[in-house]
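Chemist: How does the following fold in three dimensions:
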Amino acid sequence: EGGALSNLGLALAEVRRFEEAIETLTRAVGIFRELDDHHREGQALNNLALALREVRRFEEAIEAHTRDLAICRELGDRHREGGALSNLGLALAEVRRFEDAIETLTRAVG
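Modeler: Presented below is the predicted three-dimensional model:
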């Protein structure tokens, strides 16, 4: 069910139905959390954050990106950690937290 919701959320975002995507991806995150499937929870959080950014809900997006980043670090997934840092940095820049954005994006590079 979590996988199906996650895929549906991505499809909804593709057709720019972001509010429905956010609702669907939020449900997917909850299911993956219940199942202790941290990898897929992190992926769903990343997709949720991207949808939130599309509707300018930047603080919520920053929170979701931050949770995804924590999961990537917990799992030792350096590849996804770089992507999470990059996405978080872009969201921080959107809310004019430029010093935080620069620091975060620099960590993504290194």
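Chemist: Just the pLDDT for the residue nearest in space to the middle of the chain.
Modeler: For the chain, the residue whose C-alpha lies nearest the mean C-alpha position (Cα atoms, centre = their mean) is residue 46; its distance is 1.9 Å. At residue 46, the model reports a pLDDT of 97.
Chemist: With adjacent residues omitted, what lies nearest to it?
Modeler: Nearest in space to residue 46, with sequence neighbours left out and distances taken as Cβ to Cβ, 6 or more residues apart in numbering, is residue 68 at 4.7 Å. (C-beta placed from N, C-alpha, C; glycine too.)
Chemist: Enumerate the positions of whatever helix or strand the one you found lives in that are buried.
Modeler: Secondary-structure assignment from DSSP states H and E places residue 68 in helix 58-75. Using 16 or more other Cβ atoms under 10 Å as the burial criterion, the residues of helix 58-75 that qualify are 58, 60-69, 71-72.
Chemist: just checking, what packs against that helix?
Modeler: Other elements packing on helix 58-75 under the criterion 3 or more Cβ pairs under 8 Å, 6 or more residues apart in numbering; DSSP states H and E are helix 38-54, helix 78-94.
Chemist: ok, then the element right after the last one?
Modeler: It refers to helix 78-94. Read in the C-terminal direction, the helix or strand following helix 78-94 is helix 98-109, with elements assigned using DSSP H and E.
Chemist: wait, what's in contact with the nearest residue to residue 102 once chain neighbours are set aside?
Modeler: Excluding the flanking residues, the one nearest residue 102 by Cβ to Cβ, 6+ apart is residue 89, at 7.7 Å. With contacts defined as Cβ atoms under 8 Å, 6 or more residues apart in numbering, the neighbours of residue 89 are 100-102, 104-105, 108.
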